[in-house]
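In: requesting a structural model of the entry that follows:
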Amino acid sequence: GGVGKQTIRHDQDLKLPDRAACGTCHVEQFAQAEAEKEQTWPQNQWPKGHPSHAVDWKANVENDIWAGMAEREIAQGCDMCHYQQNKCDGCHTRHSFSAAEARQPEACATCHNGADHNEFENYLLSKHGTVYQTHKAQWNFEAPLKDALTKGGYTAPTCQLCHFEYQGEYTHNLVRKVRWAFNPTPQIADNLDHPWFKERQEAWVVTCSNCHSPRFARTYLETADRGTIAGLKVEQEAKQVVQALYDEGLLVGQKTNRPAPPAPVQDAPGGFFQLFWAKGNNPSRVERIY
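Out: The predicted structure is shown next:
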């Protein structure tokens, strides 16, 4: 009956294809991506399936500040990244759906950037990222990731080359080596000797050994852990100072110009809600520095 506006009932006949629609043909990739939902943390550092692309929309809408704030245009800014859960074209965009596009770090940069999680910037400033920027014109991104070093001509890893790999295989489950989950906390730092974390560290050693010696890889990863723990210690000390100031009502403007965040959000010093919602002296300058 044609495709014009006279023959299609847009509100009844049109449906935006979701990840499951892609899965009717790409069965293996769909199953791998959905498997991220099954991840569980040994000491419940994160809820089941978190953090992952597979539940990123759920993580968005279940957040109290996203649900509570009246400024929906600001809340919807979160939606620009937290929408991979039901889609595939966040990485290989419509309408070409190019795998070669999705194999390049810029595909990740759309979301993995910024003040609260600047992974892309960190990558570009690393030696890996420097090699990528200066050599990428000679690389063949049409080559599958498993052939990137041999047929693709890669001379350094991309985000995808490391994070898609697990025990020698490349899949769309990207969380099987997650350890710090870009959010270091004492609950993680205090449990790094648990087998769950040790097994994932060894999986990273396997990944890094594609280019480096296992000894170098293990030493580097252990050094990175120690550096993260040292930074976390300083952050926790600062947190205690801010908490004490808040408890004593000494934050600038706390008693005169500190509006409460929208319900059901509870006010707290250095709260997550302050990244997206700010009124008066909430947050105060001390909290901004922290």
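In: next structured bit after the host helix or strand of residue 237?
Out: Assigning secondary structure by DSSP states H and E places residue 237 in helix 214-247. Per DSSP H and E, the first helix or strand lying C-terminal to helix 214-247 is helix 285-289.
In: list the buried residues of that following helix.
Out: 286, 287 (16 or more other C-beta atoms under 10 Å). (C-beta placed from N, C-alpha, C; glycine too.)
In: what residue spans form the domains of this structure?
Out: For the chain, automatic domain parsing gives the domain ranges 1-87, 173-231, 248-290.
In: any chance of those in CSV, with mean pLDDT and distance to residue 94 too?
Out: As requested, those are arranged in CSV below (pLDDT from 0 to 100; distance: least, C-beta to C-beta, whole Å):
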stretch, mean pLDDT, distance to residue 94
domain 1-87, 92, 9
domain 173-231, 98, 21
domain 248-290, 96, 28
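In: which elements pack onto the helix holding residue 237?
Out: Here helix 214-247 touches helix 186-189, helix 195-208, helix 285-289, going by 3 or more C-beta pairs under 8 Å, 6 or more residues apart in numbering; DSSP states H and E.
In: quick one: the second one to helix 214-247, angle?
Out: With axes from the mean of the first three to the mean of the last three C-alpha atoms, to 10 degrees defining the directions, helix 195-208 sits at 130 degrees from helix 214-247.
In: by contact count, what packs against helix 195-208?
Out: strand 165-166, helix 214-247.
In: what would those look like in JSON lines with mean neighbour count?
Out: Formatted as JSON lines, the helices and strands packed on helix 195-208 follow (neighbours: other C-beta atoms under 10 Å):
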{"stretch": "strand 165-166", "mean neighbour count": "22"}
{"stretch": "helix 214-247", "mean neighbour count": "13"}
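In: so which of these gets nearest residue 264?
Out: Closest of the helices and strands packed on helix 195-208 to residue 264 is helix 214-247, at 19.6 Å (criterion: C-beta to C-beta).
In: re the thing from before, quick one: which of the domains of the chain is nearest residue 122?
Out: With C-beta to C-beta as the criterion, residue 122 lies closest to domain 173-231 of these, at 10.3 Å.
In: sorry, back to before: nearest to residue 173, of the helices and strands packed on helix 214-247?
Out: That would be, of these and by C-beta to C-beta, helix 195-208, which comes in at 12.2 Å.
In: so who does the closest residue in space to residue 71 that isn't next to it in sequence touch?
Out: With C-beta to C-beta, 6 or more residues apart in numbering as the criterion, residue 71 has its nearest non-adjacent residue at 7.5 Å, and that residue is residue 277. Applying C-beta atoms under 8 Å, 6 or more residues apart in numbering to residue 277 gives the contacts 65, 69, 71, 74, 261, 262, 265.
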